[in-house]
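> Can you look at this prediction? I've put the sequence above it.
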Amino acid sequence: MSTPVPRTPTRQSAAVLTSSRQRREGSRAGSPSRNPAERALLRMQSSAGNRATTTAVQRARGADKGKAPETGGADKGKAPESGGADKGKAPESGGASPGAKKKDYRDRIAALLDRFKKNLEPIDTFIKGVQTPVNAGFTQQAAVAANEGLKHSAAASGTSAASGNLLTEAAGTVVSGMDAYKNMKDAKKHETGAGHHTAKKKAKVKGADAVIGAAGSGSYSAAVAKEVTKIQKAADAAVASEASGVASASVGAVKGVRAAFRAGGAARKYLKVKELGDPHLVHAGSLARLNESREQAGWAAAEAYVALDAYWKHEGEGRLELVSEAIDAAWEAMGEARDAAETLRRAERDVERLSTVQGYAKKKQLTKVGKETVGGAVGESTKAAAGVVTAVAAGTAGLASNPVGWGLAGAGAGLVLGVTLYKALRAATKRYEEVRHPERWAPEGETSAEAASRGASLKHALTFWKKVSQGERQAMAREIYALAAGPGVPGSGGTTAEMRESARALLVALKSGPAQHGLEPEAWAATLDDPAKSSGWIKEIAEQLASG
């Protein structure tokens, strides 16, 4: 037990506090200010008092939890947890394994780099879409007018633009490499199933991003060297311009080809989803059978009530037994009619849900085809053509005297800029709706968060480094999983077998089938009936809806 605090120091402390308060009031009234030594002493006292208060609060909290305070150091029989002198127990701060610490640091570094890259992306977008084409135009104009001052200014602006692009590309390369490594480890940890497929696909995508990012960094380095040689009026300016053009053309061609493959993958996925057919037509027969069952159950219930009415009017021996049996029959018939009607309503609702998610999946793939075609295949290819023109013309006056080159560069940059702005606007709109109307896409059966004000929602929409956690895509992923999950998952037991098979066919069309998960069809179906794997499945479906 701790020693009780004496009463005398408490009264002294109160007196000290009163005296200190009186001195402060007297100082405000015009008393002479204290000397530096006195002020330093007061600061030390204040700091000591704050530390003592903190220690006391933490000791009280530790006593409530049955342990000593983490920052304290005066308890008997136990050293403070922030220290390292505990003989029988390691300090809490050092109790974690070295591997866990290393992983935590790696994740924190990756998050900081990703945040840094995303903060650079708006500037990088402006540079690529506006500053670089304008610089090329001024360079061409300076060459035609033989204006050395304008040439120097355009080269200086070009150096800063290429340096900004290089910084963003290098940061993105490091982040992509770290993400690829992390997902490779996750894929090895999850040998099969949705977690394995999601991590494996991300590892491939991020690995390709890292490789292309490294090549892009080299291209921007060559662009910086080209602009520097222009500033210095070096003799090898033509060689630097040619090297920059070749690097830019190569990276643009690779990005264009990759975008074309992505567009092709999205188009194939769209066709596979379309082949599933309209759920209203596909399930018309099953709905008709359910409706027929409902009608038959209704007729059976009506006949049971007619029989019950007849038995009520029957006179004679055994009347009560017949009436009792008629009541039981009528009650059972009514239950069957009610169940048949409920099954039909649920099937009709599931058909609507399946139709909605299939339409959403097709829309997502068409949107991806458009973005990859315009911003990637066409835009990057146009920029690659501009790089070719730069390299070819480098032997004479370079890009400066060839309006075709900077015209192509401007056109390619305009396409890429347009797609980037479209993506940014869509993401901002989703972030706004996420906090302004949280009930719109909240999980069914869960209480949605309180709606934010318009100002707070606009502020959240501008946080471009954050991803949407509760949006339409996540809601559609939950709908698909609810339809495809087995009867063992809560909320999916009433789904008909035909509807469940259709939803699972949609999963196969979205490239989330047994082949992608490395499982046999029976084992794959078993994962859909495991409530413990629900979150992994929803994450997997959301990823596949967004990818090609």
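All right, it came through fine.
> drop to CA atoms for contacts and neighbour counts, all remaining ones
Fine.
> so Lys466, which of the three states?
The three-state assignment at Lys466 reads coil, by DSSP: H, G, I helix; E, B strand; the rest coil.
> Phi, psi for the most centrally placed residue in the chain please.
Note on the chain: the residue nearest the mean C-alpha position is Lys467, at 4.1 Å, using C-alpha atoms, centre = their mean. For Lys467, the backbone dihedrals (degrees, to the nearest 10) come out as phi -90, psi 160.
> Thr495 now?
Dihedral angles (degrees, to the nearest 10) for Thr495: phi -70, psi 130.
> That one: what's it in contact with?
When contacts are counted by C-alpha atoms under 8 Å, 6 or more residues apart in numbering, Thr495 is found next to Arg346, Ala347, Asp350, Leu483, Pro487.
> Then Trp441?
Applying C-alpha under 8 Å, 6+ apart, one finds that Trp441 lies in contact with Glu434, Gln470, Gly471, Glu472, Gln474, Ala475.
> still on that earlier bit, most surrounded residue in the contacts of Thr495?
Counting by other C-alpha atoms under 10 Å, Leu483 has the largest number of neighbours within the contacts of Thr495, with 26 neighbours.
> contacting residues around it?
Contacts were defined as C-alpha under 8 Å, 6+ apart; by that measure Leu483 touches Asp350, Leu354, Ser492, Thr495, Met499, Arg500, Ala503.
> What is the lowest-pLDDT residue among those residues?
Checking pLDDT across these, the minimum falls on Ser492 at 85.
> Can you tell me, leaving aside adjacent residues, what's nearest to that one?
Ala482 (5.7 Å; C-alpha to C-alpha, 6 or more residues apart in numbering).
> Next: Val374.
The shortest distance from Val374 to any residue other than its chain neighbours is 6.5 Å, reached at Leu415 (C-alpha to C-alpha, 6+ apart).
> got a pLDDT number for the one you found?
Residue-level confidence at Leu415 comes out at 70, pLDDT.
> same deal with Gly471?
Confidence score, pLDDT, at Gly471: 85.
> Can you report how many residues neighbour it?
Burial of Gly471 is recorded as 18 neighbouring residues (other C-alpha under 10 Å).
> circling back: and the contacts of Leu483, which is closest to Glu121?
Leu354 (37.5 Å; C-alpha to C-alpha).
> Give me the neighbour count for the closest one.
Other residues within reach of Leu354 by the criterion other C-alpha under 10 Å amount to 24.
> same thing with Ala475?
The tally of other residues near Ala475 (other C-alpha under 10 Å) stands at 18.
> Surely it and Ala442 touch.
Yes. Here Ala475 reaches Ala442: they are 7.3 Å apart, a contact under C-alpha atoms under 8 Å.
> so for stretch 246-256, what's the average pLDDT?
Rounded mean pLDDT across stretch 246-256 is 81.
> Identify those among the contacts of Trp441 that sit within helices.
Using DSSP state H, the subset of the contacts of Trp441 located in helices is Glu434, Glu472, Gln474, Ala475.
> Report the buried members of the residues you listed.
Of the members of the ones in helices among the contacts of Trp441, the ones counted as buried by neighbours, 16 or more other C-alpha atoms under 10 Å, are Glu434, Glu472, Gln474, Ala475.
> Which helix or strand contains Ala253?
According to DSSP states H and E, Ala253 maps onto helix 237-275.
> That helix: which residues count as buried?
Buried residues in helix 237-275, counting neighbours by 16+ other C-alpha under 10 Å, are found at 237-270, 272-274.
> Which other helices and strands does it contact?
Judged by 3 or more C-alpha pairs under 8 Å, 6 or more residues apart in numbering; DSSP states H and E, helix 237-275 is in contact with helix 193-232, helix 319-371, helix 379-393, helix 497-509.
> and the ones you listed, which is most packed in?
helix 379-393 (a mean of 26; mean count of other C-alpha atoms under 10 Å).
> Low-confidence ranges, the stretch 101-250 of the chain, go.
Regions of the stretch 101-250 of the chain meeting the criterion pLDDT under 70 cover residues 101-103, 233-238, 242.
> circling back: can you count the residues close to the residue nearest to Ser492?
23.
> where does it land in three-state SS?
Per three-state DSSP, Ala482 ends up helix.
> Would you confirm that it contacts Gly491?
Yes. With contacts defined as C-alpha under 8 Å, Ala482 counts as touching Gly491 at a distance of 7.1 Å.
> Out of the buried ones among the ones in helices among the contacts of Trp441, which is nearest to Trp312?
Minimum distance to Trp312 across these is 54.2 Å, recorded for Ala475 (C-alpha to C-alpha).
> Can you tell me how far that closest one is from Ala542?
With distances defined as C-alpha to C-alpha, to the nearest Å, the gap from Ala475 to Ala542 amounts to 9 Å.
> tell me the pLDDT at Ala397?
The confidence metric pLDDT takes the value 46 at Ala397.
> Please apply the same query to Lys87.
40.
> Point me to the helix or strand that includes Asn119.
Taking DSSP H and E as the criterion, the element that holds Asn119 is helix 98-126.
> Could you do Arg440 as well?
Per DSSP H and E: nothing holds Arg440, as it lies in no helix or strand.
> I'd like to know how many residues surround it.
As a burial measure, the neighbour count of Arg440 was computed by other C-alpha under 10 Å and equals 15.
> if I pick Leu354, what's in contact with it?
Counted by C-alpha under 8 Å, 6+ apart, Leu354 has contacts Pro279, Ile480, Leu483, Ala503.
> which residues touch the last one?
If a contact means C-alpha under 8 Å, 6+ apart, then Ala503 has Leu354, Ile480, Tyr481, Leu483, Ala484 as its contacts.
> I appreciate the help and will end here.
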